[in-house]
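J.: give me the fold of what follows.
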Amino acid sequence: MASWVQRVIGAAKLDAATYEDVEADKTATGQALGVVVLSSIAAGIGGLAAGERGVLGGLVAGLAGWVAASFLTYVIGAKMLPEPQTRADMGEMLRTLGFAAAPGFLRAFGFLPLFGGIIVLAAQVWMLFATVVAVRQALDYTSTGRAVLVCVIGWFVNLLLWVWIAALVGIAFLGLGAMGQ
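T.: Purely as a prediction, here's the structure:
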């Protein structure tokens, strides 16, 4: 069994065998959580202008996003668009998608003048590629295209949910503001 550091490096290298190892190891969910936490903290450090509340908010959003994305990906990929050999559960999705956040460690350098934005963009794109590999392996897909499709559908549904939530929160704040007048 690989160490946590070896798994983080393998995940960042987009190594399919690493994702298979993490998928199969039911004890690696805590390790995946650690990757998500560190990646979220790195994003907060990289955006130091947001202050301490930005780091804490980013951590909460990162954890909630990880769980929501894992559930959404599981439903779309394993229930709606499975291949004949697809066998997956929620734990496998949590573990593989958690490790797909490994390139996000680089977001800690986002505060650097001139290069910070480029580093963050590169980390985000790298995480996207890692997510596709994680989805392909967790869902036992033979087609990378199907994994991309699941990720695109999941991204779109996630976007719609965030817009809906933002609209509800906005309406609630408008209502509270009207009550205070």
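
J.: rest of the way, CA atoms for contacts and neighbours
T.: Noted.

J.: could you find the closest non-adjacent residue to the one residue sitting closest to the centre of the chain?
T.: For the chain, the residue nearest the mean C-alpha position is Trp66 (4.8 Å; Cα atoms, centre = their mean). Leaving aside its sequence neighbours, Trp66 sits nearest to Gly98 (Cα to Cα, 6 or more residues apart in numbering; 6.8 Å).

J.: what helices or strands is the host helix or strand of that neighbour leaning on?
T.: Per DSSP states H and E: Gly98 is located in helix 90-99. Taking 3 or more Cα pairs under 8 Å, 6 or more residues apart in numbering; DSSP states H and E as contact, the helices and strands that helix 90-99 lies on are helix 4-12, helix 16-24, helix 29-46, helix 51-74, helix 116-138.

J.: re the thing from before, pLDDT score for the residue nearest to the centre of the chain?
T.: Looking at Trp66, its pLDDT reads 95.

J.: how close does it sit to Thr131?
T.: Applying Cα to Cα, to the nearest Å, the value for Trp66 to Thr131 is 11 Å.

J.: what stretches of this structure score poorly on pLDDT?
T.: 1, 49-54, 172-181 (pLDDT under 70).

J.: tilt between the longest helix along it and helix 51-74?
T.: Counting by DSSP state H, the longest helix found in the chain is helix 144-179. Taking axes from the mean of the first three to the mean of the last three Cα atoms, to 10 degrees, helix 144-179 and helix 51-74 form an angle of 130 degrees between their directions.

J.: list the buried residues of helix 144-179.
T.: If you call a residue buried by 16 or more other Cα atoms under 10 Å, then helix 144-179 has these buried ones: Arg146, Ala147, Val148, Val150, Cys151, Ile153, Gly154, Asn158.

J.: quick check: closest non-adjacent residue to the second one.
T.: If I follow you right, that is Ala147. Using Cα to Cα, 6+ apart, the closest residue to Ala147 is Arg136 (5.1 Å).

J.: report the contact partners of the one you found.
T.: Thr142, Ser143, Thr144, Arg146, Ala147 (Cα atoms under 8 Å, 6 or more residues apart in numbering).

J.: can you tell me how far the last one is from Val132?
T.: According to Cα to Cα, Ala147 and Val132 sit 6 Å apart.

J.: kindly report the same for the fourth one.
T.: Using Cα to Cα, one gets 9 Å for the distance from Arg146 to Val132.

J.: kindly report the same for the third one.
T.: As for Thr144, its distance to Val132 is 7 Å (criterion: Cα to Cα).

J.: next, format the helices and strands packed on helix 90-99 as CSV and append distance to Val163.
T.: Shown next, in CSV, are the helices and strands packed on helix 90-99 (distance: least, Cα to Cα, whole Å):
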stretch, distance to Val163
helix 4-12, 30
helix 16-24, 31
helix 29-46, 22
helix 51-74, 14
helix 116-138, 21
